[in-house]
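3D, please:
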Amino acid sequence: MNKVIKIVVTGPRGKMGREAIRMITNTKQFQLVGVIDRNNNGKGLSEIVSMEDQGQDCSVFTDVNQCLRETKPDCLLELSVADAAYEHALAAIQFGVRPVIGTTGLSQEQLADIEREANENKIGCIVAPNFAIGAVLMMKFAEMAAKHFPDVEIIEMHHDEKVDAPSGTALKTAEMIQRQRQEKQQGHPKEIEKLSGVRGGDFDGMKIHSIRLPGLVAHQQVLFGSVGETLTIRHDSYNRTSFMTGVKKAVETVMHVDSYIYGLENILE
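Down below sits the predicted model:
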């Protein structure tokens, strides 16, 4: 019989947090033992979010150390905001709890700290800029294409409540393309921006453009250009249930690894 995995979720009032709670509740081998919220300490989860079709209630904590000490989880599912995520992840590792981090906006220095702590303590830790399987495949396909199409631009589109730009997915895509592509400056060498920033952010010579609009969830296009042809690779998440297959996979996998892993593509078969 598979061991039940006890999970703490951060950011339970957010859209991703609520969807994750629903997924955990409906997964036989998962047990929700606590949530971390910046408010509502001491309340029950059912007092701060609707528990329709969700059978697991639990306590709400504002202090990560108190939560981990009292609930003794196996996994911390981090879905809050970047500054809190950093603190939560380091605390989890110190308690011997395995973090799965979906929060984006963490700095390279913060990620390096988490990586070092996880590896030194031999604690599994998975950081996933995107949990959608289709988005991971999009990134892998883009990496493959970059061997043959070195001219590329990325357009990422998200809802207008997203605070970090560019998205973690766009940055991860650019990093994967970078592995297959020599740095080059694209466009006309004498190009002039008549409106500052109109050509997007620069990553190793490729441009990244961020769009924020109500009605969007998470969408990305990777556009490649060559002589007489273009190639567009696109992924769309229309709702947050699209992320739950990857979240479930990450939680199950983190229980069997003893080091830091960045990117869901590294745990897919």
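
how many neighbours does the closest residue to Phe243 other than its chain neighbours have?
Computed as C-beta to C-beta, 6 or more residues apart in numbering, the closest residue to Phe243 that is not its neighbour in sequence is Phe131, at 3.9 Å. No exception for glycine: its C-beta is placed from N, CA and C like everyone else's. Per other C-beta atoms under 10 Å, the neighbour tally for Phe131 reads 26.

and Phe131, which of the three is it?
What DSSP: H, G, I helix; E, B strand; the rest coil gives for Phe131 is coil.

distance of it from Ser237?
9 Å (C-beta to C-beta, to the nearest Å).

Need the overlap of contacts for the two.
Phe243 (C-beta atoms under 8 Å, 6 or more residues apart in numbering).

ok, Ile5 - contacts?
Shown in contact with Ile5 (C-beta under 8 Å, 6+ apart): Gln29, Phe30, Gln31, Asp74, Cys75, Val251, Glu252, Met255.

Mind giving me the ChimeraX command for buried ones among those?
The ChimeraX command for the buried members of the contacts of Ile5 (criterion: 16 or more other C-beta atoms under 10 Å) is given here:
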select :30,31,74,75,251,252
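
Show me this protein divided up by domain.
5-127+241-266, 133-238 (automatic domain parsing).

how far does the shortest one stretch from start to finish?
Looking back up the chat, that one is domain 133-238. Using C-alpha to C-alpha, to the nearest Å, one end of domain 133-238 lies 13 Å from the other.

now that domain: mean pLDDT?
Mean pLDDT, domain 133-238: 94.

Likewise for the longest one?
Domain 5-127+241-266 shows an average pLDDT of 93 in the prediction.

what's the spacing between it and its chain's center?
Here domain 5-127+241-266 is found 12 Å from its chain centre; the criterion is C-alpha atoms, centre = their mean, to the nearest Å.

just stretch 123-141 next, same as before
In this view, stretch 123-141 has its centroid 7 Å away from the chain centroid, taken as C-alpha atoms, centre = their mean.

That one: which residues count as buried?
123-133, 135-136, 138-140.

Likewise for stretch 251-269?
Val251, Glu252, Thr253, Val254, Val257, Tyr260, Ile261, Tyr262, Gly263, Leu264, Glu265, Ile267.

Those in helices, which ones?
If you go by DSSP state H, the buried residues of stretch 251-269 have Val251, Glu252, Thr253, Val254 in helices.

thinking again about what came up before, what values do phi and psi take at the residue nearest to Phe243?
Main-chain torsions, Phe131, degrees, to the nearest 10: phi -90, psi -10.

before we move on, what about the one 3 residues further on?
Reported as degrees, to the nearest 10, the phi and psi values for Gly134 are phi -60, psi -40.

In contact with it, which residues?
In this structure, Gly134 makes contact with His235, Ser237, Ser242, judged by C-beta under 8 Å, 6+ apart.

Many thanks, have a good one.
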